[in-house]
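Novice: build me a model from this:
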Amino acid sequence: MTEPEPAATALRWTEDGAERSATWHSENQSAAPAQVTVISDDITADAAYRLARSGTALLWRGDYHNGRQLLQAMDRRFKRNSARRGGGKHGAGKRSRRKLDNPGGDAGGLSGAGAFEAQRRYIAERARLLGALIVELDGDYLLNLRRAPDVSLACEAAYGPSTGPMCVSLTELNGVLSAYQWQLRGVAIPALGEDIHPRYGVFSPIRGEYVDLVAQTPFPDSGTGIFSTPNSPTSTSNSSAPQTCAPKTAFDLGTGTGVLAAVLLRRGVDRVVATDINPRAVACAQENLGRLGLASSAEVVEADLFPQGRADLIVCNPPWLPARPTSALEAGIYDPGSDVLHRFIDGLAAHLSPAGEGWLILSDLAEHLGLRAREELLERITAAGLRVHDRHDTTPRHPRAADAEDELHRARGAEVTSLWRLRRST
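Specialist: Below is the predicted model of the structure:
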């Protein structure tokens, strides 16, 4: 799997009759703007919106809080104009909302896949427009605006040590500041009884249902001991077979914050090797496992999916939707062509110990949107020399599943997250 690398080129503009420049940084790979206009508190929201629509970057020199208000005003204008064009709340429109109970759709409206693509276009267009409002950070990450907060610690946590003046969009800076607060406060994980602290650019475990699946699913039978079987999540098996001793070794592929590796270790796994292709995630997982006192039993390595060797248990929570990510954070959600999913299934048998088991944690949202068929998943599993031993299901608890105004609401409301227990077929 590859993920987008932030763009880093020179941004040039004229200010007070002098030529100025700074490094342009964009986490979503936006190119450095070719045209920059310096603006301040005297600009109107309508004028700023028109300039942004024309492709002009707006370098903010006014009051910090006024800049945030301007961003909100531009957003309101974008949403209002989108609604006038029939784009709906998130860009898919009313016709698509009626069609999401039929992923195939028909000529009378968008299919589920069409609604999803329309929403993605809406989000991308909105991001481009709001990303036109930019700010300059000096060589110490100083935001030299009236009433501006100290952003230096948050920026250093996200970007590393400063290498000189840089310009970023105000929306990106807002994301950096928000992520830093999550990093400081942490996210409560009931399965651990402790907090996990995500870093900027690392997917936060706020969707706790997949963590609970890993915390509650019985381990594969190793013949070395018996424990009680959890009562939930729901299993497709009618068996009341007891849970066995924890596996000796486990791999956690795409570890992110390290939360699943921590859960496995707390459940008694002797040794976990956690991998991630994102260097930020590797550092984040190492920090969390160290904070939880689990570092001596875990190894976190930067790798594209599988590490070397075999394991008794291999856990993977791949991106769920087959689409192109626009940032490292989105790489935890979107996976072009389901590449990570396919490579996990295809490579699993070769990395399992003889009696080992793979745990695939996957939402079926892509199926409800018509982006992937269940038959395709099952055929892939069979072709890889695997069989489904059992499946444990749970329903999402995230707010968007209950948002009736979301054009994808019908699909999200039907979503089920499953842990597929996969074993070698022979």
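Novice: quick check: residue 362 is in a strand.
Specialist: Yes: according to DSSP: H, G, I helix; E, B strand; the rest coil, residue 362 belongs to a strand.
Novice: my read is that it contacts residue 417, right?
Specialist: Yes: using Cβ atoms under 8 Å, residue 362 is in contact with residue 417, at 7.3 Å. All C-beta spots, glycine's among them, are computed from the backbone N, C-alpha and C.
Novice: let me know the secondary structure of residue 313.
Specialist: strand.
Novice: same deal with residue 272?
Specialist: strand.
Novice: could you pull out the helices in the protein for me?
Specialist: 45-53, 64-84, 93-99, 112-130, 152-159, 170-185, 209-216, 259-266, 279-291, 339-351, 365-368, 374-383, 409-413 (DSSP state H).
Novice: who wins for proximity to residue 145 among the ones you listed?
Specialist: Smallest distance to residue 145 across the helices of the chain (Cβ to Cβ): 4.3 Å, for helix 64-84.
Novice: list the helices and strands the closest one packs on?
Specialist: helix 45-53, helix 112-130, strand 133-137, helix 170-185 (3 or more Cβ pairs under 8 Å, 6 or more residues apart in numbering; DSSP states H and E).
Novice: could the ones you listed go into TSV alongside distance to residue 23?
Specialist: Output for those, formatted as TSV (distance: least, Cβ to Cβ, whole Å):
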stretch	distance to residue 23
helix 45-53	22
helix 112-130	20
strand 133-137	9
helix 170-185	13
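Novice: weakest of these by average pLDDT?
Specialist: Confidence, taken as mean pLDDT, is least for helix 112-130 of these (a mean of 90).
Novice: show the contacting residues for the residue nearest the centre of the chain.
Specialist: Centroid-nearest residue in the chain: residue 332, 3.6 Å away (criterion: Cα atoms, centre = their mean). With contacts defined as Cβ atoms under 8 Å, 6 or more residues apart in numbering, residue 332 is in contact with 202, 203, 254, 256, 319.
Novice: change it to 10 Å
Specialist: Residues near residue 332 by Cβ atoms under 10 Å, 6 or more residues apart in numbering: 3, 201-204, 254, 256, 276, 278, 281, 317-320, 325.
Novice: out of the residues you listed, who's nearest residue 389?
Specialist: Using Cβ to Cβ, these come closest to residue 389 at residue 317, 18.1 Å.
Novice: just give the number of residues close to the closest residue to the closest one other than its chain neighbours.
Specialist: Spatial nearest neighbour of residue 317, chain neighbours left out: residue 361 (4.1 Å); criterion: Cβ to Cβ, 6 or more residues apart in numbering. Using other Cβ atoms under 10 Å, residue 361 is surrounded by 21 other residues.
Novice: swap in the one 10 residues further on?
Specialist: When neighbours are counted by other Cβ under 10 Å, residue 371 registers 20.
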